[in-house]
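Asks: Requesting a structural model of the entry that follows:
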Amino acid sequence: MKKKVMYKLATLLGALAIMVVGTASWVYFHQDETPAELLK
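Replies: Numbering: from 1, shown residues only. Predicted coordinates for the structure are as follows:
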């Protein structure tokens, strides 16, 4: 029983990590031009 719970927890954490990294890389590569106000 404990082994099953640990396996599910590890799977959930792995999926969460992939989602976080995937979102971060998508946001990183999808950068628009910097607004002129920020370049001053």
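Asks: Only C-alpha atoms from now on, for both contacts and neighbour counts.
Replies: Will do.
Asks: and residue 17, what is it in contact with?
Replies: Residues in contact with residue 17 (Cα atoms under 8 Å, 6 or more residues apart in numbering): none are found.
Asks: any idea which element it lies in?
Replies: Assessed by DSSP states H and E, residue 17 sits inside helix 2-29.
Asks: From the chain's centroid, how far away is that helix?
Replies: Helix 2-29 sits 8 Å away from the centroid of its parent chain (Cα atoms, centre = their mean, to the nearest Å).
Asks: shaky segments in the protein?
Replies: For the chain, residues meeting the criterion pLDDT under 70 lie at 23-31.
Asks: so who does residue 12 touch?
Replies: Residue 12 neighbours (Cα under 8 Å, 6+ apart): none.
Asks: Compute the number of surrounding residues for residue 38.
Replies: Other residues lying near residue 38 total 6 when counted by other Cα atoms under 10 Å.
Asks: ok so, going back, toward the C-terminus, what is the element adjacent to the helix holding residue 17?
Replies: Downstream of helix 2-29, the first helix or strand assigned by DSSP H and E is helix 36-39.
Asks: what sits up against that following helix?
Replies: Where contact means Cα under 8 Å, 6+ apart, no residue beyond helix 36-39 reaches it.
Asks: Which residue would you name as the spatial centre of the chain?
Replies: residue 20 (1.1 Å; Cα atoms, centre = their mean).
Asks: Could you measure from that one over to residue 6?
Replies: Distance, residue 20 to residue 6, by Cα to Cα, to the nearest Å: 21 Å.
Asks: again with residue 14
Replies: 12 Å.
Asks: now residue 32
Replies: According to Cα to Cα, residue 32 and residue 6 sit 41 Å apart.
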